[in-house]
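Q: predicted model, plus sequence, below.
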Amino acid sequence: MEEIHENTAKEPIFALKLEIQKHGETIGELKCYEKSCFIFGRQEDAVDYTLTHESISRRHAALVHCKNTGLPCLYDLQSANGTFVGNERIHNKRMLEEGDVIRFGESTRLYIVQGVQI
């Protein structure tokens, strides 16, 4: 992950948030604008946001504010059960846009991208 951060991350230019939904109901939000890189996964002492579903890897995915554009980019960290944007599994990275829906592993929680202004 250090490689991703050093080579591609920059300070956020958007007040990016992820709205958390479960079964269509908003249950929280994650602020993803206070630093340039956020790690998602099960291992509490190695991630910024802990995801508790059993299908989620210890270090599952990273959200990085890209160095060249400032836009948020989601990286799958070679997770066993995948990181999805919409219904598409990402295999390396994917730029995120306003309204994109993220899912980690087989969890039913959805993370809706908010605050990306182009």
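A: Sure thing, it's come through.
Q: end to end, how far does stretch 68-79 reach?
A: The straight-line separation of the ends of stretch 68-79 (Cα to Cα, to the nearest Å) is 26 Å.
Q: just the strands in this structure please.
A: Taking DSSP state E to define them, one finds strands in the chain at 17-22, 25-31, 37-41, 49-50, 61-65, 72-76, 83-85, 88-90, 93-95, 101-104, 110-114.
Q: which other helices and strands contact the first one?
A: Which is strand 17-22. Strand 17-22 sits against strand 25-31, strand 110-114, with contacts defined as 3 or more Cβ pairs under 8 Å, 6 or more residues apart in numbering; DSSP states H and E. C-beta: built from backbone N, CA, C; applies to glycine.
Q: quick check: which of those strands is buried the most?
A: Using mean count of other Cβ atoms under 10 Å, the stretch among these with the largest mean neighbour count is strand 110-114, at a mean of 20.
Q: so what strands line up beside that strand?
A: strand 17-22 (antiparallel), strand 101-104 (antiparallel) (DSSP bridges).
Q: output these as JSON lines; include the columns mean neighbour count, mean pLDDT and distance to Ile39.
A: Below are the strands paired with strand 110-114 laid out as JSON lines (neighbours: other Cβ atoms under 10 Å; pLDDT from 0 to 100; distance: least, Cβ to Cβ, whole Å):
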{"stretch": "strand 17-22", "mean neighbour count": "17", "mean pLDDT": "97", "distance to Ile39": "14"}
{"stretch": "strand 101-104", "mean neighbour count": "20", "mean pLDDT": "98", "distance to Ile39": "12"}
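Q: show me what Thr83 is bridged to.
A: Beta bridges link Thr83 to Ile90, Phe104 when assigned by DSSP bridges.
Q: isn't it right up against Asn92?
A: No - using Cβ atoms under 8 Å, Thr83 makes no contact with Asn92, being 10.1 Å away.
Q: can you give me the end-to-end distance of stretch 98-105?
A: Per Cα to Cα, stretch 98-105 runs 21 Å from first to last residue.
Q: how distant is it from the center of its chain?
A: Using Cα atoms, centre = their mean, to the nearest Å, the mean C-alpha position of stretch 98-105 is found 8 Å from that of the whole chain.
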